[in-house]
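Colleague: give me a model of this one.
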Amino acid sequence: MTSSAIISKVWSFCNTLRDDGVSYGDYLEQLTYLLFLKMADEYSKPPYGRTLPIPAAYNWESLIALRGAELEGHYTELLRTLGTQKGVLGQIFTKSQNKIQDPAKLYKLVALIDNENWIMMGTDVKGDIYEGLLEKNAEDTKSGAGQYFTPRALIKAMVACVRPQPNKTIADPACGTGGFFLAAYDYIAENYKLDREQNIFLKYHTFFGNEIVAGTRRMALMNLFLHNIGDIDSENNISPADALIAQSATTYDYVLANPPFGKKSSQTFTNEEGEQEKEDLTYNRQDFFATTSNKQLNFVQHIRTMLKTTGMAAVVLPDNVLFEGGAGELVRKKLLETTDLHTILRLPTGIFYANGVKANVVFFDAKPSAKEPWTKEIWYYDYRTNVHHTLKKNPLKFENLHDFISCYNPENRFKRKETYNAETNPEGRWRKFTYDEIINRDKASLDITWLKDKSLADLDNLPDPDVLALDILENLEAGLENFRSIIKQLG
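Modeller: I've put the predicted structure just below:
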């Protein structure tokens, strides 16, 4: 069967479970547990014959021999036991629970997975299947899973610009389901002829991440495993710790990230009446330029400290990071001084699964201490003005960003040419601004646009109604988020 046929087959069963109140996310978690056990079982048999750290009483064979209430009870016990194991095995099953209450449907799902030989499938096929399921899960807006899923076309374009090399380390302090790692892995595997040592480094020692949401981290680990990163019995490199709590003990060659969309960090505590309340969480770190509860500003500061002095970063950031005053202004000025912030890609609305997101990709290179600011000029590519994408009818594709990659000129970014010219090409999307022009703007704002919105000038060529409606929704939700932050500040 093709990967799309298997995705359809596996996903169609979810519709049956939804009648029992099993959400997309819960279904994907159960699928992860069972798929991991099935592949471990395949590895334990010829021609592999591997000895794996799964107790015989709780392996795949122990499941397929049972039915009914006996299967349900054993499965529940299996999840609890495997969650206490070491390595990737224990991490996959951490805090796992049986969410399928109907034993007959659990048996059917076990049989569904047992019918396929997963190891015999190519890595790309297995990966496509799981990635397809993750994307379907992200489409379920009620679950909020979309915030952990960055559009793969955007990730691929970012990686194409950064061009990661073999034997270098790559980190993501908020790795979600692992999309940046997969794209970087594919880029290195496809663009370099790797020897044995380089292949081992790529598989076991290249990728490092953090993901504090247990279910999302579980899916990331499985996603990496299915794409040949790490192994069943290896240690995992995705930490459950909050990356912002302390300075990274290690520095990395590359950081590729899309930090969480929420503007504020918060923590839950119990008040004197015994009720649960939330309060803004502020990170007091000596290595930060500014102390703030703004989550994205904290991630920007943290990512700068994660880089080696030769390191490179590409980070998806919301508009507020580009223009916000106070701590935002200070962080921007310091970033311009201490790094070479050389490129900003302005993204259109309608490409993320979370609504109300207006975002950009900011590219910067780490530098050693110096008296003069490292940033000399910033190149902007405006892929927002007069660009309309929707998740269903007109999703973002990698080809849509080919022109940006060409303008970025990854082969030698110091040899770039503007496409914008006030007289000959006022609609050019690629334009540079000097450090002095930026620093003299109000609050050193990086929020710059120069193209005219055609929909405002030409009423006969308005976008389709659904595109307009989504634009209005995006603007309303972005406005509401800003009002919420103002109300919080006013107490």
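
Colleague: where along the stretch 201-350 of the chain do the strands fall?
Modeller: For the stretch 201-350 of the chain, strands defined by DSSP state E, counting those that start in this stretch occupy the ranges 207-210, 238-239, 252-257, 266-270, 276-280, 307-318, 339-346.

Colleague: shaky segments in the stretch 51-200 of the chain?
Modeller: Residue ranges of the stretch 51-200 of the chain with pLDDT under 70: 140-148.

Colleague: show me where it has its helices.
Modeller: Along the stretch 51-200 of the chain, the stretches classed as helices by DSSP state H, counting those that start in this stretch are 60-64, 68-82, 87-92, 103-114, 123-139, 152-162, 179-191, 196-204.

Colleague: how about the nearest residue to Ala189, chain neighbours excluded?
Modeller: Leu202 (7.1 Å; CB to CB, 6 or more residues apart in numbering). C-beta: built from backbone N, CA, C; applies to glycine.

Colleague: hang on, the earlier thing: possible to save the helices of the stretch 51-200 of the chain as JSON lines with mean neighbour count and distance to Pro395?
Modeller: Shown next, in JSON lines, are the helices of the stretch 51-200 of the chain (neighbours: other CB atoms under 10 Å; distance: least, CB to CB, whole Å):
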{"stretch": "helix 60-64", "mean neighbour count": "18", "distance to Pro395": "37"}
{"stretch": "helix 68-82", "mean neighbour count": "16", "distance to Pro395": "35"}
{"stretch": "helix 87-92", "mean neighbour count": "20", "distance to Pro395": "30"}
{"stretch": "helix 103-114", "mean neighbour count": "17", "distance to Pro395": "28"}
{"stretch": "helix 123-139", "mean neighbour count": "20", "distance to Pro395": "10"}
{"stretch": "helix 152-162", "mean neighbour count": "22", "distance to Pro395": "8"}
{"stretch": "helix 179-191", "mean neighbour count": "21", "distance to Pro395": "15"}
{"stretch": "helix 196-204", "mean neighbour count": "14", "distance to Pro395": "30"}
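
Colleague: so which of the ones you listed comes closest to Phe323?
Modeller: Phe323 lies closest, by CB to CB, to one member of the helices of the stretch 51-200 of the chain: helix 152-162, at 21.5 Å.

Colleague: the closest one to strand 252-257, inter-axis angle?
Modeller: With axes from the mean of the first three to the mean of the last three CA atoms, to 10 degrees applied, the angle from helix 152-162 to strand 252-257 works out at 150 degrees.

Colleague: just to revisit the earlier point, ok, the residue nearest to Ala189 - contacts?
Modeller: With contact taken as CB atoms under 8 Å, 6 or more residues apart in numbering, Leu202 is in contact with 166, 185, 188-189, 194.

Colleague: how many neighbouring residues does the nearest residue to His389 once chain neighbours are set aside have?
Modeller: With sequence-adjacent residues excluded and distances taken as CB to CB, 6+ apart, His389 is closest to Gly350, at 4.2 Å. By other CB atoms under 10 Å, 23 other residues sit near Gly350.

Colleague: got the confidence number for Gly350?
Modeller: As predicted, Gly350 sits at a pLDDT of 85.

Colleague: any idea how far stretch 352-363 is from the chain center?
Modeller: With CA atoms, centre = their mean, to the nearest Å as the basis, stretch 352-363 stands 12 Å off its chain's centre.

Colleague: just to revisit the earlier point, which one of the contacts of Leu202 is nearest Asp26?
Modeller: Tyr185 (28.2 Å).

Colleague: give me the distance between that closest one and Tyr381.
Modeller: Tyr185 sits 26 Å away from Tyr381, taking CB to CB, to the nearest Å as the criterion.

Colleague: for the closest residue to Phe323 other than its chain neighbours, which three-state class applies?
Modeller: Leaving out its chain neighbours, the residue that sits closest to Phe323 by CB to CB, 6+ apart is Asp447, at 4.0 Å. The local conformation at Asp447, judged by DSSP: H, G, I helix; E, B strand; the rest coil, is coil.

Colleague: Asp447 and Glu324 touch, don't they?
Modeller: No. Asp447 is beyond contact range of Glu324, at 9.3 Å (criterion: CB atoms under 8 Å).

Colleague: the more surrounded of those two?
Modeller: A count of neighbours by other CB under 10 Å puts Glu324 above the other of Asp447 and Glu324, at 23 against 17.

Colleague: so what's that one up against?
Modeller: 294, 297, 443.

Colleague: may I see the buried residues of stretch 320-329?
Modeller: Buried positions in stretch 320-329, judged by neighbour count with 16 or more other CB atoms under 10 Å: 320-324, 327-329.

Colleague: show me where the stretch 351-491 of the chain has strands.
Modeller: 359-366, 377-382, 430-434.

Colleague: deepest of those, which one?
Modeller: Of all these, strand 359-366 carries the top mean neighbour count, a mean of 23, counting by mean count of other CB atoms under 10 Å.

Colleague: can you name every helix or strand that that one contacts?
Modeller: helix 152-162, helix 295-306, strand 307-318, strand 339-346 (3 or more CB pairs under 8 Å, 6 or more residues apart in numbering; DSSP states H and E).

Colleague: repeat the analysis, applying 10 Å as the threshold.
Modeller: Helices and strands touching strand 359-366, by 3 or more CB pairs under 10 Å, 6 or more residues apart in numbering; DSSP states H and E, are helix 152-162, strand 252-257, helix 295-306, strand 307-318, helix 320-323, helix 327-338, strand 339-346, strand 377-382.
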